[in-house]
Every structure is written in structure tokens, then in C-alpha cells.
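**Student:** my questions concern the predicted model and sequence given below.
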Amino acid sequence: MTATIRPEIHQSAVTNTLNHHIACALDLYSQVKQAHWTVTGPNFIAIHELFDDQAALLVIHIDLFAERMRALRAIPSGTIRQAGHESPLSDLEARELPWRDAIGAILIRFETYSGSLSKAIEDAEKHRDFVTQDIYIEAAREVEKQAYLLRSHLAQT
């Protein structure tokens, strides 16, 4: 006897994962902005602008995830406080960050976010939600590019 698939269970799993990624992206956004404000060193302007571009990309991710949730008739949890409770990212210390420290810290967080997106891609496929999977694939592609840019800065010496 085969088990009956209940669509509401799949939708709930998909929306829970979307909410998780709103939290991750929102937390990462705030940490990238913190690094943007506090980075120091000879490569300041290039890194300052890179962090600004990355923050803008994360705002797009947050919006895509939240709008997908609304399309699925779910309610996103998108405040900073809600994100802080849900996000797996470690907190970035509020202090001046020498450019290597800033890039290294943000790189680790982008890699964590990338790993979470990879798992979400698999989960969306398992739940046969290919629209959400497509959103995660595009987000993962962009996040992997940002990690590459960060790694490239660290390899300059």
C-alpha cells in the first residue's frame, strides 16, 4: 500500500523553508551592512561598494521569498527580531573590521547561506514545488558568485 501525499503537508514544509530563508537573508543583509559601515584598510572603497552591492542582492532575495510565500497563501515572518531567532548565522561583532577580517567573516556567512539554499533546492524538488525550487536555484547562483568575489579579494596577496 502506498502512502497518500497530502498537499498541505508539502506546502507547509515549503513555506517553513521559505520563512527560514527570509530570516537567513535578512540576517545576512544586516551583517553585510554592518561590515560595510565598519570595514577599514587600503581596499576600503572597493570592499565598501562590494558589500553595498551584496546587501542590495539580499534585499531582492528577501522580497522573492516573501512574495512566494504570499503566492502560496502563507504569511512571512520578516522582522529583524523574527530573523534573529530563526537564522543559523553567527553574529558579526560590532567593531571596526580590518578588510581581511570583514571579508572572511562575510564569506563564511555567504557560504552558510549557500549551503542552506542547496538543501532548500533539494527539499523543493522533494515536495514537487518547482517554482520555489527555481527561486532557490537563482538565489544560489547569485550567492555562489558573491562568495567567489569575496574569495578573490582574499587571494590578492
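**Tutor:** Right, received. Where do you want to start?

**Student:** now Leu97: phi and psi?
**Tutor:** Backbone geometry at Leu97, expressed as degrees, to the nearest 10, gives phi -120, psi 110.

**Student:** er, Thr40 I mean
**Tutor:** Torsion angles at Thr40 (phi, psi; degrees, to the nearest 10) stand at phi -140, psi 160.

**Student:** what sits against it?
**Tutor:** Contact analysis of Thr40 by C-beta atoms under 8 Å, 6 or more residues apart in numbering lists Glu96, Leu97, Pro98, Trp99. In short, each C-beta sits where N, CA and C put it, glycine included.

**Student:** same check, this time on Arg70
**Tutor:** Pro76.

**Student:** now do the longest helix seen in the chain: which elements does it pack against?
**Tutor:** For the chain, the helix with the greatest residue count under DSSP state H is helix 7-38. With contacts taken as 3 or more C-beta pairs under 8 Å, 6 or more residues apart in numbering; DSSP states H and E, helix 7-38 sits against helix 44-71, helix 80-86, helix 99-126, helix 130-154.

**Student:** go through the ones you listed and find the least confident stretch.
**Tutor:** Among the helices and strands packed on helix 7-38, helix 80-86 carries the lowest mean pLDDT, a mean of 93.

**Student:** keeping just the C-alphas, turn it into CSV.
**Tutor:** Output in CSV follows, covering the C-alpha atoms of helix 80-86 (Å, rounded to 0.1, in the frame of the first residue of the first chain):
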residue,chain,number,x,y,z
ILE,A,80,14.7,41.7,12.3
ARG,A,81,13.7,40.2,15.6
GLN,A,82,12.0,37.2,14.0
ALA,A,83,15.0,36.7,11.7
GLY,A,84,17.4,36.7,14.7
HIS,A,85,15.5,33.9,16.3
GLU,A,86,15.5,31.8,13.1
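
**Student:** these two touch, right, Tyr113 and Ala25?
**Tutor:** Yes. Between Tyr113 and Ala25 there is a contact at 7.1 Å, judged by C-beta atoms under 8 Å.

**Student:** with neighbour numbers in mind, choose between the two.
**Tutor:** A count of neighbours by other C-beta atoms under 10 Å puts Ala25 above the other of Tyr113 and Ala25, at 28 against 25.
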